[in-house]
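Asks: the sequence and its predicted three-dimensional model are supplied below.
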Amino acid sequence: MTTLRLIAIGFIFFCTAIAWMVLGSTVTARSGEADGSLRAEVEQLWGGEHLQRAPVAAMVTHDVERAIPHYKDGKQVGTHNELVRRERERRPIALTQSEVRAALDLQHRRKGLLWFPTYGVGFEGHYRFVNDSAERGDAEIAFAFPSAQGVYDGFMFRVDGKEAPPVTDLSRGALLRVELAPGQHVDVDVAYRSRGIGTWSYWFGDGVSQVRDFSLTLATNVADIDFPNGSMSPSTRAGNTLTWAFDNLVTGQHIAVELPSRLNPGPVAARISFFAPVSLLFFFTVMVIIGVVKNRSLHPMNYFFLAAAFFAFHLLLAYLVDVVDIFAAFGIAAVVSVGLLVSYLRIVMGQRAAWLQAAAAQLIFLVLFSCAFFVEGQTGLSVAVGATATLFVLMQLTARVKWSEVFSSDAPAPGTSGLPVALPRGDR
């Protein structure tokens, strides 16, 4: 192995790394993960994230008439009695009881190279408000929809059994007015069936809220749900049924669950491509060291074809995920890549060396390292363990190598043929 050959191998590695960066960027653009375009399309077709707020109620007092002053030459000369502005004063009334039930049915849907955690949701809520003032008046009770782009089947909004007027604007929600005497309570019932994506949330209100006699029961068809930051864990859990129950709660948090996502083929294929130069670096290092130890160094052109065999794995994976399951695509790409490398090196190095050295190294640094991307959060640890084990093996192999002699001359070592690779034993 000469210095010039090492530079040539490094150049091949650099060019292949650029090709992988281009391939990974192409897959990222095709998956739509960077700009969120595919998610926006799914939300338009299916529905967005649901953020359900508790209904609110407020007492509306009698109108207050205010005469508008009339001025002349900067001085008030009276009032303009014809111009009257009417103002309404609103005072929130207490929500004293909440009994909420919801059911989420997770149904993953694929768009392009991404899977999205879409769900169907059934919602029922029973609420009670009390006029805790000493005045009789009209109460306006409003219910906000969880998503302005949603579809709500079987919608029902009743106040003391009275149906609310038809909804004309989803962004404004439903509104109904009833008259309340001092100390009188009013019961509100809400129900609907809808569809959403990703996270389902229930908010008590903006900022810090006080909640009395509250219970929410949420049933799902999956067990491995998560709770986003800023949300409360359930009071109790029985299988896939979660319950939040509070007597008198003061909090600035809310209730939310995040449904699990499936493994997305596009982002995984892109990450594997971006990581590929690390795999190839380990592989080239092992092949160079073995060549030095066994005095069977490969020519830079051999390394060019080895890099091409590595690149074929990621190229096939990037486009097979469009048509088959990602695990099947991974298996096909791995078999093809290993087959290319072994079929080539068995001619260059011989059958035994091709399988025991090159194929084994490719399986470790290409296939096994890439498998780590299927285990969320374990990729870094897998690479660290593999790199440490590789370092140990290489240190043991090269402990007796006299590197000053290896790089002292460009001439072939004594006893060698001068060829870049020794011929297989069977071909001599």
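Replies: Looks like it came in fine.
Asks: okay, buried residues for the strand or helix carrying residue 391 please.
Replies: Per DSSP states H and E: residue 391 is located in helix 379-398. Under the neighbour-count criterion of 16 or more other CB atoms under 10 Å, helix 379-398 has 379, 382, 383, 386, 390, 394 buried. In short, each C-beta sits where N, CA and C put it, glycine included.
Asks: after it comes which helix or strand?
Replies: The element immediately downstream of helix 379-398 (helix or strand, assigned by DSSP H and E) is helix 403-406.
Asks: where are the low-confidence patches of the stretch 51-200 of the chain?
Replies: Along the stretch 51-200 of the chain, segments meeting pLDDT under 70 span 61-68, 70-71, 73-74, 76-89.
Asks: change it to 90
Replies: The stretch 51-200 of the chain contains residues with pLDDT under 90 at 57-95, 110-115, 131-140, 147-150, 160-173, 175-183, 198.
Asks: related to what we said a few turns ago, quick check, nearest of the buried residues of helix 379-398 to residue 371?
Replies: residue 382 (8.0 Å; CB to CB).
Asks: so what's the residue count around the spatially closest residue to that closest one that is not a sequence neighbour?
Replies: With sequence-adjacent residues excluded and distances taken as CB to CB, 6 or more residues apart in numbering, residue 382 is closest to residue 372, at 3.6 Å. Using other CB atoms under 10 Å, residue 372 has 17 other residues around it.
Asks: show me where the stretch 1-150 of the chain has its helices.
Replies: For the stretch 1-150 of the chain, applying DSSP state H, counting those that start in this stretch gives helices covering 3-31, 37-45.
Asks: hmm, back to that, ok, residues contacting the helix holding residue 391?
Replies: Residues outside helix 379-398 that contact it (CB atoms under 8 Å, 6 or more residues apart in numbering) are 271, 275, 278, 282, 285-286, 289-290, 292-293, 364-365, 368-369, 372-373, 375.
Asks: now find how far off-centre it is within its chain.
Replies: Helix 379-398 has its C-alpha centroid displaced from the chain centroid by 31 Å (CA atoms, centre = their mean, to the nearest Å).
Asks: export it to PDB, keeping only CA atoms.
Replies: What follows is helix 379-398, C-alpha atoms only, in PDB (Å, rounded to 0.1, in the frame of the first residue of the first chain):
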ATOM      1  CA  THR A 379     -28.600   4.400  16.200                       C
ATOM      2  CA  GLY A 380     -25.900   6.200  18.000                       C
ATOM      3  CA  LEU A 381     -25.300   3.500  20.500                       C
ATOM      4  CA  SER A 382     -25.100   0.800  17.800                       C
ATOM      5  CA  VAL A 383     -22.600   2.800  15.800                       C
ATOM      6  CA  ALA A 384     -20.500   3.500  19.000                       C
ATOM      7  CA  VAL A 385     -20.400  -0.200  19.900                       C
ATOM      8  CA  GLY A 386     -19.600  -1.300  16.300                       C
ATOM      9  CA  ALA A 387     -16.800   1.300  16.000                       C
ATOM     10  CA  THR A 388     -15.300   0.300  19.300                       C
ATOM     11  CA  ALA A 389     -15.400  -3.400  18.400                       C
ATOM     12  CA  THR A 390     -13.800  -2.600  15.000                       C
ATOM     13  CA  LEU A 391     -11.100  -0.500  16.600                       C
ATOM     14  CA  PHE A 392     -10.200  -3.400  19.000                       C
ATOM     15  CA  VAL A 393     -10.000  -5.900  16.100                       C
ATOM     16  CA  LEU A 394      -7.900  -3.600  14.000                       C
ATOM     17  CA  MET A 395      -5.500  -2.800  16.800                       C
ATOM     18  CA  GLN A 396      -4.900  -6.500  17.400                       C
ATOM     19  CA  LEU A 397      -4.300  -7.200  13.700                       C
ATOM     20  CA  THR A 398      -1.900  -4.300  13.300                       C
END
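Asks: how about the contacts made by the residue most central in space within the chain?
Replies: Centroid-nearest residue in the chain: residue 261, 7.1 Å away (criterion: CA atoms, centre = their mean). Taking CB under 8 Å, 6+ apart, we find residue 261 in contact with 108, 115, 116, 117.
Asks: look up phi and psi at it.
Replies: Main-chain torsions, residue 261, degrees, to the nearest 10: phi -100, psi 150.
Asks: noted, bye for now.
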